[in-house]
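Participant: got a structure for you, letters missing:
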């Protein structure tokens, strides 16, 4: 029997823990080490970097990590696969070769091209999300290091697994299993206790990075190196499975994975088995991420202290509006938000204070710059008592907009450039299957009537939330069958909107995943034009799930009297 392929992760985003690459290489056995450096916002950042220097456009942190990691990987026979190439994978591959020559480490470097698309007028970047085929081809050609541009996060796992086990494009179930494992690994320590709803159950001060032991049939075990911090259990893996997903069909360029078939089993301490995953042919189109500069943005935060908070807020809002009208330079978008962080009879000045946040946006830099900052500063001695701001107003900064488009998969030229420079075209993975919704599964029998208690939802339910462009998702799960019988009937779309009033008027779609005892809510349009536009207090919806967990609901007492509800 072919032994499992051990694939680790050392980066969940551009800026993740710098020494993780070394820790993963020295912490225990590995076959492949991956690094995910790209996100929607990262592509915009790299696009602006490339404007200043056409030779850049890649994640330079990866190169600095390799200065000490390259030799370690070579000594241990670990292959490295990372999407740090960003907008310039060929440039990063050349830089890695230069590093290898300088340090005397004989590694073979390859890269993947083809994600770059024609950039429409007014945009900075346009990149298709490629699958793992190019990575697999590079590894089959003998590469030790493979760098890519915009591939799907899961492709960093499907590519090495397909190369190792010899999977064909039609091995949908095996590929789907690898996609699920890749999705668990992609955000690094979020799978090992980081950002975890029940963080108080474990020591998560410095969680280790995750590892997937991939088997030939696509099943896997999620684990971590012995002796590292954090935890791998059913809850941490479930949380990451729900992160930034939608319905039961999780579509990608390699395969569409059926999340409603995923089975999780605790397989020992810090080991969770994933099996049963079914796959379907991928859709006929590839997603293309488009980034552009949307205009200019500025922000002022006024501090309101003590009594009459609402009246103070009303005064300064009126004064600033009058000042902008007089100047004839009112920005195109003016948004006020009052955060009542104040307490009555507070023991400290800070806890006696509320924050009034002004955000302005406009296509013209001048409209959000001096005109706004000048108007705010000029109020300093003639407004509400105790007037001050958290920081001096600035001149404003550009903001970005992310948009998604789709192109036929057959139109994208996916190319693997091997260690010797040989270019291999990666064929499209057709035949395809159009995406459609999975029929709503049957709900469990509701719990019988009994005594109830009002308590925060988070006393029995976990949640994790995130962003996809302008949409947000909130995955909610519970840990027992009885709790699932309650949650599935209690947390309807209507109840979700009641608990999170900011979602009122938006389209909210609920997806039911009984095998995970989970509900996944997608809130369309909550984040406006995406994270780079910073249209909301929490622009990536990272804490949306925690807000939901803090809301009070009526819960059957029988669920609250169990140890897992009080952990």
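Facilitator: That came through, no problem. The shown structure was predicted, so the numbers you read here are calculated from the model rather than taken from an experiment.

Participant: quick one: residue 370 from residue 536, how far?
Facilitator: As judged by Cβ to Cβ, to the nearest Å, residue 370 and residue 536 stand 26 Å apart. In this view, the C-beta of every residue, glycine as well, is placed from N, C-alpha and C.

Participant: Looking at the two now, which is surrounded by more residues?
Facilitator: Taking neighbours as other Cβ atoms under 10 Å, residue 370 and residue 536 compare with residue 536 leading, 20 against 17.

Participant: Kindly indicate whether the more buried one is helix, strand or coil.
Facilitator: coil (DSSP: H, G, I helix; E, B strand; the rest coil).

Participant: what do you get for the one 3 residues further on?
Facilitator: In the three-state summary, residue 539 is assigned as coil, counting by three-state DSSP.

Participant: so it sits right up against residue 526, yeah?
Facilitator: No - Residue 539 lies out of contact with residue 526 (Cβ atoms under 8 Å); the separation is 10.1 Å.

Participant: So which of these two has more stuff around it?
Facilitator: Taking neighbours as other Cβ under 10 Å, residue 539 and residue 526 compare with residue 526 leading, 24 against 18.

Participant: residues contacting that one?
Facilitator: 470-472, 502-503, 506, 536, 541, 544 (Cβ atoms under 8 Å, 6 or more residues apart in numbering).

Participant: quick check, nearest of these to residue 129?
Facilitator: Nearest to residue 129 among the contacts of residue 526 is residue 471, at 16.3 Å by Cβ to Cβ.

Participant: Tell me where the longest helix sits in this protein.
Facilitator: Taking DSSP state H as the criterion, the chain has its longest helix at helix 309-327.

Participant: Helix or strand next in line after it, which one?
Facilitator: Counting by DSSP states H and E, the element after helix 309-327 in chain order, helix or strand, is strand 333-339.

Participant: what packs against that next one?
Facilitator: helix 309-327, strand 353-362 (3 or more Cβ pairs under 8 Å, 6 or more residues apart in numbering; DSSP states H and E).

Participant: Any idea which of these gets closest to residue 175?
Facilitator: Of all the helices and strands packed on strand 333-339, strand 353-362 sits nearest to residue 175, with 42.3 Å by Cβ to Cβ.

Participant: so what strands line up beside that closest one?
Facilitator: As defined by DSSP bridges, the strand partners of strand 353-362 come to strand 285-305 (antiparallel), strand 333-339 (antiparallel).

Participant: now that strand and helix 309-327, what's the angle there?
Facilitator: Here strand 353-362 runs at an angle of 30 degrees relative to helix 309-327 (axes from the mean of the first three to the mean of the last three Cα atoms, to 10 degrees).

Participant: Return the set of buried residues in strand 353-362.
Facilitator: Buried residues in strand 353-362, defined by neighbour count with 16 or more other Cβ atoms under 10 Å: 353-356, 358-362.

Participant: try stretch 439-458
Facilitator: In stretch 439-458, counting by 16+ other Cβ under 10 Å, buried: 444, 447, 455, 457-458.

Participant: Redo those residues as a markdown table? Include distance to residue 556, secondary structure and pLDDT.
Facilitator: Below are those laid out as a markdown table (distance: Cβ to Cβ, whole Å; DSSP: H, G, I helix; E, B strand; the rest coil; pLDDT from 0 to 100):
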| residue | distance to residue 556 | secondary structure | pLDDT |
| --- | --- | --- | --- |
| 444 | 14 | coil | 97 |
| 447 | 6 | coil | 95 |
| 455 | 11 | strand | 97 |
| 457 | 13 | helix | 98 |
| 458 | 16 | helix | 97 |
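
Participant: Next up, the contacts around residue 283.
Facilitator: Listed by Cβ under 8 Å, 6+ apart, the contact set of residue 283 reads 251, 256, 409, 432-435.

Participant: Among those residues, pick out the one closest to residue 403, please.
Facilitator: Nearest to residue 403 among the contacts of residue 283: residue 251, at 18.2 Å, using Cβ to Cβ.

Participant: Give me the neighbour count for the closest one.
Facilitator: Neighbours of residue 251 under the rule other Cβ under 10 Å: 19.

Participant: And it, how close does it get to residue 55?
Facilitator: Residue 251 is 35 Å from residue 55, by Cβ to Cβ.

Participant: does the closest residue in space to residue 529 that isn't next to it in sequence count as helix, strand or coil?
Facilitator: Ranked by Cβ to Cβ, 6 or more residues apart in numbering and with sequence neighbours excluded, the top spatial neighbour of residue 529 is residue 401, at 4.3 Å. Using three-state DSSP, the secondary structure recorded for residue 401 is strand.
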